[in-house]
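> Here is my input; please provide its structure:
(2 chains)
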Amino acid sequence: MKIATWNINGVKARLETTRTWLKETSPDVACLQEIKSIDENFPREAFEELGYHVETHGQKGFNGVAIFSKSPLEDVAARLPGDDEDEQARYLEATVSTETGAVRIACLYLPNGNPIDTPKFPYKLAWMKRLEARVQELLKDEMPLVVAGDYNVIPMPEDAKNPKAWTGDALFQPESRTALRRLVNLGMTDAVRATDPEPGTYTFWDYQAGAWPKNNGIRIDHLLLSPQAADRLSACGIDKETRGWEKPSDHVPVWIELNV
DNA sequence: ATGCCTTGTCGCACAAGA
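Prediction:
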């Protein structure tokens, strides 16, 4: 089973790009972030006609996540538990079954958290604490679990071309990195890191200041795998070429293959 | 040091992103 994650930065702006990518790479499951669309306006037919079941959790203007799957999505659950006041559409879970079992998949768009001297940063940290509690809960099921998405956290200095430039940024704050490490320490495997990427492997390049041609990127889109999922990991990759396409997203897809 | 781009919003600039 091929599972991919991609922050598309607007489904309306990226409709044809996303369709082209799906046709070329044919993931079984695609987790999308920043759809920037309410559910009613989401162009679901454009993806259903490519053979996908479509689940969305959107809001007006910003954020929003979606999961596409070639086989039906079961037990779909939107929203990260732990704060009933939180109205931001950033989290969607579903189960995909195969002949040999099932995989629980979480699609997330973790808060950016900048600037760090505003309520946005504590919101990010609180969100990460809620995520840790949720993953802890899901791990009890012992079903293969894949938590995929735009984490908005640079795990290590080697995950940025210019780590010093990110000092003081919410994506590279010690608190953000610690919170991600706590998640990993529950027993989760960072698929890209585990498959020993080349130095200079990134998933995001800013639109500004020629970041892409200079490879001035950061690695912030991750797939974290439970032990049961990590045991079945057979391949992992990054569709970097999409960053060079016309009208690109500033993120690129990251994917894994699981033997299930 | 700041802005550099891009998207969406009932637009005629601004917020938000990272």
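> Just give me the neighbour total for A:Pro144.
The burial metric for A:Pro144, expressed as a neighbour count using other CB atoms under 10 Å, is 24. C-betas here are computed from N, CA, C, even on glycine.
> Now do the same contact list for it.
By CB atoms under 8 Å, 6 or more residues apart in numbering, the residues touching A:Pro144 are A:101-104, A:225-226, A:228-229, A:232, A:258, A:260.
> again, 10 Å this time
The neighbourhood of A:Pro144, defined by CB atoms under 10 Å, 6 or more residues apart in numbering, consists of A:1, A:96, A:101-105, A:225-233, A:258-260.
> same deal with A:Glu142?
Contacts of A:Glu142 were listed using CB under 10 Å, 6+ apart, and they are A:226-228.
> Switch those over to CSV; also include neighbour count, distance to DNA strand B and secondary structure.
What follows is the contacts of A:Glu142, written out as CSV (neighbours: other CB atoms under 10 Å; distance: CB to the nearest atom of the strand, whole Å; DSSP: H, G, I helix; E, B strand; the rest coil):
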residue, neighbour count, distance to DNA strand B, secondary structure
A:Ser226, 23, 25, coil
A:Pro227, 14, 29, helix
A:Gln228, 19, 30, helix
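> Model confidence for A:Leu110, exactly?
We have a pLDDT of 98 for A:Leu110.
> Correct me if wrong: A:Ala77 contacts A:Val65.
No. The pair A:Ala77 and A:Val65 does not pass the contact test of CB atoms under 10 Å, sitting 11.9 Å apart.
> Give me the common contacts of the two.
Taking CB under 10 Å, 6+ apart as the contact definition, A:Ala77 and A:Val65 share the neighbouring residues A:55, A:57, A:91-92, A:106.
> my guess is A:Ala4 contacts A:Asp28, does it?
Yes. The pair formed by A:Ala4 and A:Asp28 meets the contact definition of CB under 10 Å, at 8.7 Å.
> between these two, which one's more packed in?
Between A:Ala4 and A:Asp28, A:Ala4 has the larger neighbour count (other CB under 10 Å), namely 24 against 20.
> Is the more buried one located within a strand, as I assumed?
Yes. Membership of A:Ala4 in a strand is supported by DSSP: H, G, I helix; E, B strand; the rest coil.
> Tell me what it is bridged to.
Beta-bridge pairing of A:Ala4 under DSSP bridges involves A:Ala30, A:Trp255.
> Could I get the contacting residues of it?
Taking CB under 10 Å, 6+ apart as the definition of contact, the neighbours of A:Ala4 are A:21-22, A:25-32, A:68, A:148, A:223, A:237-239, A:253-256.
> picking up where we left off before, of the contacts of A:Pro144, keep whichever come out buried.
Members of the contacts of A:Pro144 that pass the buried threshold by neighbour count (16 or more other CB atoms under 10 Å) are listed as A:1, A:96, A:103-105, A:225-226, A:228-230, A:232-233, A:258, A:260.
> Kind regards, and thank you for your time.
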